[in-house]
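Enquirer: Here's a sequence, model it:
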Amino acid sequence: MNGVQALHHGLSAALGIAARAAIFIAGLAMVAMTIVVAWGVFGRFVLNDTPAWAEASALLLMAWVILGAAAAGVREGFHMGFETLRDSLPAGLALACNILSDAVITVFGAAMAWYGSDLALTVWDATLPTLGLPGTVEYLPITFGGALMALFGLERLVARLATGQAPVGLPADTILTDS
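Expert: Numbers count the residues shown, from 1 in each chain. Next up, the predicted model:
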């Protein structure tokens with residue numbers, strides 16, 4: 001294995017760990033959100049005293065669930081795709097569509113990370129009234145999810161430009177399609 005292949009293998013392994021971590025965090029957030037919502041419902045209907053923090057906590061946890069899973073979905077190919085047109089095109093045009101798609105995902109993820117971090121820094125000194133946390137925590141899922149989407153999209157983009165195919169070991173196309 002030459003140096004470039006070793007670097008590619010190492011980066012791919014690191015991104016695989018990052019994708020699994022994103023799914024793990026999203027799973028933990030889902031469990032925590034379920035507990036928080038259950039406690040909110042119990043408080044409302046049994047104790048007749050709705051906890052003020054429950055709704056805000058559930059929404060914050062939902063952002064981690066959605067953006068963590070979406071980022072991993074970019075890498076693993078389990079996001080939704082509309083591939084009927086692309087599949088009917090000649091191989092060269094289909095590859096161009098894949099490259100364009102990977103480029104758009106990469107730019108979109110980078111924009112999410114950039115603007116999410118800008119929002120997070122803007123509201124750093126604010127406090128979320130029901131949670132008592134810095135306002136920046138609302139925008140961290142956007143920042144981290146966007147950064148991961150950009151990295152995973154870039155991994156797919158570089159592999160397609162170098163080999164014409166998705167990275168080794170990852171699905172070439174999305175798992176959920178329009179067909």
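Enquirer: Let me know the secondary structure of the residue sitting nearest the centre point of the chain.
Expert: For the chain, the residue nearest the mean C-alpha position is Ala71 (2.0 Å; Cα atoms, centre = their mean). Using DSSP: H, G, I helix; E, B strand; the rest coil, the structure places Ala71 in helix.
Enquirer: what's the helix or strand that contains Ser12 packed up against?
Expert: Ser12 belongs to helix 3-45 when assigned by DSSP states H and E. Contacts defined by 3 or more Cβ pairs under 8 Å, 6 or more residues apart in numbering; DSSP states H and E place helix 3-45 against helix 53-76, helix 140-163. Using the backbone N, CA and C atoms, a C-beta is placed for each residue, glycine as well.
Enquirer: sorry, back to before: what about the residue nearest to the centre of the chain, distance to Met149?
Expert: For Ala71, the distance to Met149 (Cβ to Cβ, to the nearest Å) stands at 5 Å.
Enquirer: what's the answer for Ile35, then?
Expert: 28 Å.
Enquirer: In terms of neighbours, single out the busier of the two.
Expert: Neighbour comparison, Ile35 and Met149: the larger count goes to Met149, with 28 against 13 (by other Cβ atoms under 10 Å).
Enquirer: for the closest residue to that one other than its chain neighbours, what are its contacts?
Expert: Nearest-residue entry for Met149: Gly109, 2.9 Å, with adjacent residues in sequence omitted and distances by Cβ to Cβ, 6 or more residues apart in numbering. Neighbouring residues of Gly109 by Cβ atoms under 8 Å, 6 or more residues apart in numbering: 71, 74, 145-153.
Enquirer: Tell me, how many residues neighbour the residue nearest to Pro51 when sequence neighbours are not counted?
Expert: Residue nearest to Pro51 in three dimensions, not counting chain neighbours: Gly43, with 5.0 Å by Cβ to Cβ, 6+ apart. By other Cβ under 10 Å, the residues close to Gly43 number 15.
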